[in-house]
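Asker: Here is a sequence together with a model predicted from it:
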Amino acid sequence: MVNTLLSVSPDGRIALSGSDEKYIAALGDATAKPGDAVGKVGATGKVVQCNVGTSELFIGFLMANRSDSISPNTAIGNGVPCTIVVPKSGHDYACLSIADAGVRPAGTPMGFSATPGALDDIATLGTAGVVATLAKDDVIADTYVVITWK
């Protein structure tokens with residue numbers, strides 16, 4: 001089954017390891033969705049999607065707001081309080097990924113991409129910029145994957 005929505009993650013969760021996570025408060029920007037790799041703009045407190053060459057800020061992955069009825073597949077509104085989970089080594093996270101034309105096996109190295117908020121596969125583990133590996137096989141056209149942070 002192709003995973004194109006965050007809601008396919010267990011309960012729409014981002015942090016999947018279940019313990020000892022660090023969280024940062026922020027405000028939505030009406031663009032970033034849960035599962036996006038984001039930074040936080042100091043002057044406004046709003047999240048900003050990571051985007052190689054455009055926004056080089058990164059704090060973690062935007063969490064789904066559990067205090068409202070908004071779908072985890074919907075951008076968090078402008079100025080709406082939200083939470084960023086700071087990734088920890090060895091922990092698993094559901095996140096946005098560039099859809100690949102082929103199957104990517106567990107262990108595929110992942111890094112930041114030029115697509116706002118997304119991670120993408122990187123050629124080899126020795127390549128600069130590897131920040132995670134796929135925790136589970138990724139089928140063709142998946143846009144949400146589970147990664148293990150390095």
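Answerer: Okay, I see it.

Asker: contacting residues for the most far-flung residue of the chain relative to its centre?
Answerer: The centre of the chain is farthest from one residue, Ala43, which by C-alpha atoms, centre = their mean lies 22.8 Å away. Going by C-beta atoms under 8 Å, 6 or more residues apart in numbering, Ala43 touches no other residue. For the C-beta atoms, the positions are set from N, CA and C on the backbone; glycine is no exception.

Asker: contacts for stretch 118-138?
Answerer: Identification of contacts with stretch 118-138 by C-beta under 8 Å, 6+ apart yields 36-37, 87, 92-93, 95-98, 100, 103-113, 143, 145-150.

Asker: how long is it from one end to the other?
Answerer: Chord length of stretch 118-138, first to last residue, is 15 Å (C-alpha to C-alpha, to the nearest Å).

Asker: next one: stretch 51-61
Answerer: Stretch 51-61 end-to-end distance (C-alpha to C-alpha) = 13 Å.

Asker: One more: stretch 127-141?
Answerer: Its start and end residues considered, stretch 127-141 measures 24 Å (C-alpha to C-alpha).

Asker: Next, the buried residues of it.
Answerer: Within stretch 127-141, the residues that count as buried by 16 or more other C-beta atoms under 10 Å are 130-136, 138.

Asker: Count the residues that sit near Asp100.
Answerer: Per other C-beta atoms under 10 Å, the neighbour tally for Asp100 reads 17.

Asker: and it, backbone torsions?
Answerer: Backbone torsions for Asp100, taken as degrees, to the nearest 10, come to phi -100, psi 150.

Asker: that older thread, which among the contacts of stretch 118-138 end up buried?
Answerer: Using 16+ other C-beta under 10 Å, the buried members of the contacts of stretch 118-138 are 36-37, 87, 92-93, 95-97, 100, 104, 108-113, 143, 145-149.
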